[in-house]
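**Student:** would you be able to build a 3D model of this:
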Amino acid sequence: MTKILGLKIDVDTYQGMRRGVPRLLSLLAQQKVQATFFLSIGPDASGRALLQILKNPRFLKKMIRTRATSLYGFRTALYGTLLPSPRIALSFPDLVRRIMTEGHEVQFHAWDHRRWQDELHAKPETWIRDWFRRGIEGFESLTGKRPTSFAAPAWLIDDRVVSLVRDLRLEYLSCTRAREPFIHEGTDLIEIPSDLPCFEETGFEEGEQRILDELSAGGIHVLPVHAEMEGGIGAEPFARLVRAIQKTDYTIISLDGIRQILRSKDLVSRRFRMERLPGRAVPCAV
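**Tutor:** Reported below is the predicted structural model:
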C-alpha cells in the first residue's frame, strides 16, 4: 500500500518567519523528515486583517478559535496600519539559506499575502502581474534561482491567476484543497492540493485524530502547516502528530518528491471551483 505524505509549510508573517521557521527546522531535523517551505517574500500587512472583522463575522470567530494574539503577537496586529509593514523572507536571508542547506524545498507563496487574500478579486490583472514580478524577483535574490512552484495565499485563485502562472515556467502548483492531484484545465500544470485539514481549522486534539483517520486508508496526501501555528503554540501537538504518522509507516517527503511520483501517473484535467470549508472564514479553491 502506498503511504506518502507531503508537508507543505506556509510562511505568512514576519513573526512566523522569525520565530516559527527556526522552531520547525529544529523539529524536522529531530524527526529526520523533509518539507516544502512556501515563503511570503514581501511586506507583512497583517494588521489589515482587522478590517475583515468588520466585514465578516466568521473571521472574528476564527481569530478567537485560533487564539490569534498568542498565534501572531501584538505587533503583528498593527503591521500595515499603525506600524509599517516589515518584509518577511527578505528580512531573513540567512534563514532562507538555512532552510535550503538543511535539504528542504523552498518555493514561492506570496509577495503581499494579506492584500492578495483580501483584495485579489477587486484588483486588475496588471496588479496581479506586478505582484508576481515583485515576489519572484525577491525570491530569486534570496535563493539564486527561480521558483518552480506557487502556493496561493489562503488557497485563493481565479481564472486570471491560472492563466498568468501558465507562463511562469512552473513545474507544479499547490493552490487548492482538492481531494486528489489533477491537471489545471487549459494548462499542463500539476496541482498537488492540500487534502488534509490543518490545526487552525480543527484545533489540536480533534485535528490530530482526523488527520490520522484520513491517513489510515493509505495513498498520497499533503498536510498544510503554518509557521505561525505549528512553529508556535501548536509546536508540541505538531511534533506529536509527526511521530504518530511515522509509526504508521508513512514516508514524509517534500511536494517536489510527490511531483516526481505523479509524473508517471495519468492525471485528470479539471477546473477548480470555490467552496467554504469547515473552519475557514472565506471560500477556498477546491
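**Student:** so what's the residue count around residue 286?
**Tutor:** 16 (other C-beta atoms under 10 Å). C-beta: built from backbone N, CA, C; applies to glycine.
**Student:** repeat for residue 145
**Tutor:** 10.
**Student:** ok, now how distant is it from residue 35?
**Tutor:** 18 Å (C-beta to C-beta, to the nearest Å).
**Student:** same check, this time on residue 146
**Tutor:** Separation of residue 146 from residue 35 (C-beta to C-beta) stands at 20 Å.
**Student:** what's the closest non-adjacent residue to residue 238?
**Tutor:** Excluding its sequence neighbours, the residue lying closest to residue 238 (C-beta to C-beta, 6 or more residues apart in numbering) is residue 230, at 3.9 Å.
**Student:** where does the prediction get shaky in the stretch 51-200 of the chain?
**Tutor:** Within the stretch 51-200 of the chain, the segments meeting pLDDT under 70 span 51-83.
**Student:** residue ranges for the strands of it, please.
**Tutor:** Applying DSSP state E, counting those that start in this stretch to the stretch 51-200 of the chain gives strands spanning 105-110, 149-150, 172-173, 182-184, 190-191.
**Student:** what comes up buried for stretch 218-234?
**Tutor:** 220-232, 234 (16 or more other C-beta atoms under 10 Å).
**Student:** which of residue 146 and residue 35 has more residues huddled nearby?
**Tutor:** residue 35 (24 against 13).
**Student:** does that one touch residue 225 like I think?
**Tutor:** Yes. At 7.4 Å, residue 35 and residue 225 qualify as touching, with contact defined as C-beta atoms under 8 Å.
**Student:** what touches both of these two?
**Tutor:** Taking C-beta atoms under 8 Å, 6 or more residues apart in numbering as the contact rule, residue 35 and residue 225 both touch 7-9, 24.
**Student:** and those residues, which two are the farthest apart?
**Tutor:** By the measure C-beta to C-beta, 8 and 24 form the most distant pair in the shared contacts of residue 35 and residue 225, at 12.0 Å.
**Student:** overlap in contacts of the two?
**Tutor:** Common neighbours of residue 8 and residue 24, using C-beta under 8 Å, 6+ apart, are 35, 225.
**Student:** chain neighbours aside, what residue packs nearest to residue 232?
**Tutor:** Nearest non-adjacent residue to residue 232, counting by C-beta to C-beta, 6+ apart: residue 20, 5.5 Å away.
**Student:** in CSV: the shared contacts of residue 35 and residue 225, plus distance to residue 216, secondary structure and neighbour count.
**Tutor:** CSV is the format used below for these (distance: C-beta to C-beta, whole Å; DSSP: H, G, I helix; E, B strand; the rest coil; neighbours: other C-beta atoms under 10 Å):
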residue, distance to residue 216, secondary structure, neighbour count
7, 18, strand, 25
8, 20, strand, 27
9, 24, strand, 29
24, 25, helix, 27
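**Student:** of these, closest to residue 127?
**Tutor:** Residue 127 has its nearest neighbour among the shared contacts of residue 35 and residue 225 in residue 8, at 25.8 Å by C-beta to C-beta.
**Student:** for that closest one, give me its contacts.
**Tutor:** Contact analysis of residue 8 by C-beta under 8 Å, 6+ apart lists 35-36, 38, 151, 174, 194, 222-225, 255.
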